[in-house]
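**Q** Give me the fold of what follows.
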Amino acid sequence: MPDHTPADCDLPSLQRWLQHLPVPVRVKDGQGRCLFSNQAFEALFGSAGPDSLAHDAQVFAHGHSMETETTLWSTQHGGPRQVHNLKTPLYDAAGQPQFLLEVLQDTTERKQEQADLQANDQRFRDLVDFTDGIVWEADATTFNNSFISKSAERLLGYPLADWLTPDFWANHIYPEDRTQAMQYSTDCIARGEDHEFEYRFVTQDGRVIWIHDSTKIVMQDGKPKWLRGLMVDITARHQEQQLLRVSHQSLKAISQGVVIADPQQRIVSVNDAFTTITGYQPDEALGQTWNLLQGPDTSLQAVDAMRMNMAYGSHYYGDILHYRKDGSSFWNELTVSPVRDAQGALTHFIGVIRDNTKRHQNEEEIRRLAFFDALTGLPNRRLLLDRLRHAQLNTTRTRQHAAVLFLDLDNFKQLNDTLGHDVGDELLQQVALRLTSCVREGDSVARLGGDEFVLLLEALSPHSLEAAAQAEMVASKILQTLGQPYTLGTHSHHSTPSIGIVVFVKELESIDELLKKADIAMYQAKAAGRNVARFYEPAMQAAAAAHVQLEKDLRLALARGEFVLHYQIQVETNLRGDVRTIGTEALVRWQHPTRGLVPPAAFIPAAEESGLILPLGQWVLETACIQLVAWARNPETAHWIVAVNVSAAQFSKANFASTVRTALDSTGANPSLLKLELTESMLMHDVEEVIAKMNEIKAYGVRLALDDFGTGYSSLSYLKRLPLSQLKIDKSFVRDLLTDTSDAIIARTIVALGHSLGLRVVAEGVENIGQHDFLADIGCDAYQGYYFGRPVPASQLAVQLDSLPSPL
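**A** Numbering: from 1, shown residues only. Presented below is the predicted three-dimensional model:
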């Protein structure tokens, strides 16, 4: 009813017009008094009707209809009702408000129906969202989802919004299943058939699961319009089925025989391998017990143990001599396990039989191999120790001497590295044969491992000098025999041994002491130039004791801070005679409290052997960085580069690059002024790892130099790959380059090679003007040596720089 409806009739006329309307209506005056209510109104609310003055004055004042929702008391229903209330002003012909028409609509049932629908909808969604499956709806043509239950996000991981994007379902079917799954569903839709199918689906975290999809087609105008369905994760079922298939196939395929027996130990099933091992066909074995495999030599004790375990429903494992159908025997490695149902009741036994006759036949051979070297066939360390114990007892009983010869092949590692381990193994085998030919029957030749051999000579003279002479004769024969050329495949190889000898009588020393003394004597032979034999002497023991003491002193020196750095300058020169210092090399010295300044040659080898080179090397690196920072404050030295030698043990550590980074960060040193000097030998193994480590260090800004170049075996192709900035000519080539043509050629070649690779070349060990001039003529970039300055503490460098010689 429009606003400002004219009242062109009086109140009685309105009453006649409104009385029989089916909706509750009443008419009020301007003061909100009820003038009339129709039958429908009074039926619902009674003749008096509820008071509903709210908004009456507002409607009269503004002349607009107003709709409200309110709760009113119904006499008909005896309780509150939800009511929609429309209030509209009625005006007379002069445009003045005359009546207010109030139309009420009972909305209680409709609102209750809406609430019920919402509750049902929520109930449905709760059931859908918390089921183990995924309820979905999709377009029957595009397969694009229009609805997906919340369980999709919980079960598959993808946000619900993703499911409503085009082609989402299709794009996440496992690629190998996608075409077949979609084609099958398309064909069923074309036939109007509800359908079920299985396919693999990729979850958000990358897992591939199996889905069972039940699909119902919803028709509209006789055509498929919607698809509604339920997706269920059936991965576990597939895995169980696959496991059953694998188990079944495994029983058929495994080489072990499998026997299934009932609780009375009667056989109910066997696999193919059982027939292969025993010769009995399945129909010959079914219904039988384990007695089927017993024979005359079967251990009754073992059979009783098996039966007792089975009687108690326990597990059994053992070796039993059983018999095949043809009467031949075999050792049966038998395992019997009980099978119980969910309630724990025994239902079956599963027996696994393995024919390990070969193992029993090989046990003696295995025992033999435990005492002999697999590669050479010689006695191994275990058997050698046993024979040494017997030899000691024999010398005590007979008073005859015996001797231990400890032998190590010279340069064997180089052979392995160049020609390979197979060639190295072939050499060891030939050495074993030659050694065996050098001793008497009753003497022993053993291989300890690697290229180390030990010979035990027994029944030597009772007189120590004669016994030593006898041992010396055998050693000489070995040196001569092993010094002959070897034919290793297509290679002819020359190898020599170093031999250490210990002569002993009675049980005056332990076996370990004998071997240790022989080992020390062998290293003494190596120190004497190799390819010789040396006897263990007390003086050698004294040297060993001194070595131990040196290691102890080194540890104390590290703890007490007795190490210092000296610096030797590196310079550039020109034709005008100018000498410019470009940096220094940091060289470690030991300021011993009683021995004074100890040079590195006296303690570095011991530090490397003991592992102390690692903390010492890190101290050198950090101390050099601290000095770099100090020099950086002085304009005259701010450009100096400090070279630090890196040991093989340091560089081989996986975290070496990070220790360099730590030293730089902790001191604040400029990485571009630090140069690490590496030797060729430490770069020849694990090439890719070496290059990666060098690149990591170079990325910090640190320079890398190859020290003592020319003394190793670097190839040009290898050098080209190394991120170097400098080559350093070893002082051994500089020393005699004025008198030795070969050294001069080598120096010239190194300079040319370095420059061809874009590297600077520094010569070390320059001691006179002649060496400098030669090196300058061939293009050397920088120099280091006594001619320009000896290594001195940093505090003394200023004095040294004032007296630098001019090369002109």
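**Q** if I pick the spatially closest residue to Glu572 that is not a sequence neighbour, what's in contact with it?
**A** Spatial nearest neighbour of Glu572, excluding adjacent residues (CB to CB, 6 or more residues apart in numbering): Arg580 at 4.8 Å. C-beta coordinates here come from the backbone N, C-alpha and C atoms, glycine included. Arg580 is in contact with Val571, Glu572, Thr573, counting by CB atoms under 8 Å, 6 or more residues apart in numbering.
**Q** Where does Arg580 sit, in terms of helix or strand?
**A** Using DSSP states H and E, Arg580 sits in strand 579-592.
**Q** Name the residues of that strand that come out as buried.
**A** By 16 or more other CB atoms under 10 Å, the buried positions in strand 579-592 come out as Val579, Thr581, Ile582, Gly583, Thr584, Glu585, Ala586, Leu587, Val588, Arg589, Trp590.
**Q** Output the below-cut-off pLDDT ranges for the stretch 251-400 of the chain.
**A** Filtered on pLDDT under 70, the stretch 251-400 of the chain yields the residue ranges 253, 364.
**Q** all strands in it, in order from the N-terminus.
**A** Shown for the stretch 251-400 of the chain, the strands assigned by DSSP state E, counting those that start in this stretch span residues 257-261, 267-270, 316-323, 329-340, 346-355.
**Q** could you dump those strands to TSV with mean neighbour count and distance to Asp304?
**A** Output for the strands of the stretch 251-400 of the chain, formatted as TSV (neighbours: other CB atoms under 10 Å; distance: least, CB to CB, whole Å):
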stretch	mean neighbour count	distance to Asp304
strand 257-261	20	17
strand 267-270	19	19
strand 316-323	18	11
strand 329-340	17	14
strand 346-355	18	16
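**Q** Now flag whichever of the buried residues of strand 579-592 is closest to Leu727.
**A** Glu585 (14.6 Å; CB to CB).
**Q** So, low pLDDT: which residues of the stretch 51-200 of the chain?
**A** 51-55, 74-78, 120-131.
**Q** so where do the strands sit in it?
**A** 66-74, 79-91, 97-106, 133-139, 145-148, 195-202.
**Q** three-state assignment of the residue nearest in space to the middle of the chain?
**A** Geometric centre of the chain, nearest residue: Ala654, 14.7 Å, by CA atoms, centre = their mean. What DSSP: H, G, I helix; E, B strand; the rest coil gives for Ala654 is coil.
**Q** and it, what is it in contact with?
**A** With CB under 8 Å, 6+ apart, Ala654 has no contacts at all.
**Q** now it: how far from Glu689?
**A** Separation of Ala654 from Glu689 (CB to CB, to the nearest Å): 9 Å.
**Q** and what of Asp730?
**A** 25 Å.
**Q** ditto for Leu384
**A** 37 Å.
**Q** Neighbour count: these two, which is higher?
**A** Leu384 (24 against 11; other CB atoms under 10 Å).
**Q** where along the stretch 501-650 of the chain do the helices fall?
**A** 511-527, 538-560, 604-610, 613-632, 648-652 (DSSP state H, counting those that start in this stretch).
**Q** so how far is Ile750 from Ile778?
**A** Taking CB to CB, one finds Ile778 at 9 Å from Ile750.
**Q** do Leu346 as well
**A** 84 Å.
**Q** same question, Leu558
**A** In terms of CB to CB, Leu558 sits 36 Å off from Ile750.
**Q** ditto for His172
**A** 64 Å.
**Q** related to what we said a few turns ago, so for Ala161, which of the strands of the stretch 251-400 of the chain sits nearest?
**A** Nearest to Ala161, of those and by CB to CB, is strand 329-340 at 50.4 Å.
**Q** From the contact counts, what lies against the closest one?
**A** helix 300-311, strand 316-323, strand 346-355, helix 357-369 (3 or more CB pairs under 8 Å, 6 or more residues apart in numbering; DSSP states H and E).
**Q** possible to save the ones you listed as JSON lines with distance to Val431?
**A** Output for the helices and strands packed on strand 329-340, formatted as JSON lines (distance: least, CB to CB, whole Å):
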{"stretch": "helix 300-311", "distance to Val431": "48"}
{"stretch": "strand 316-323", "distance to Val431": "41"}
{"stretch": "strand 346-355", "distance to Val431": "41"}
{"stretch": "helix 357-369", "distance to Val431": "20"}
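**Q** still on that earlier bit, between the helices of the stretch 501-650 of the chain, which gets the lowest average pLDDT?
**A** When these are ranked by mean pLDDT, helix 538-560 comes last with a mean of 73.
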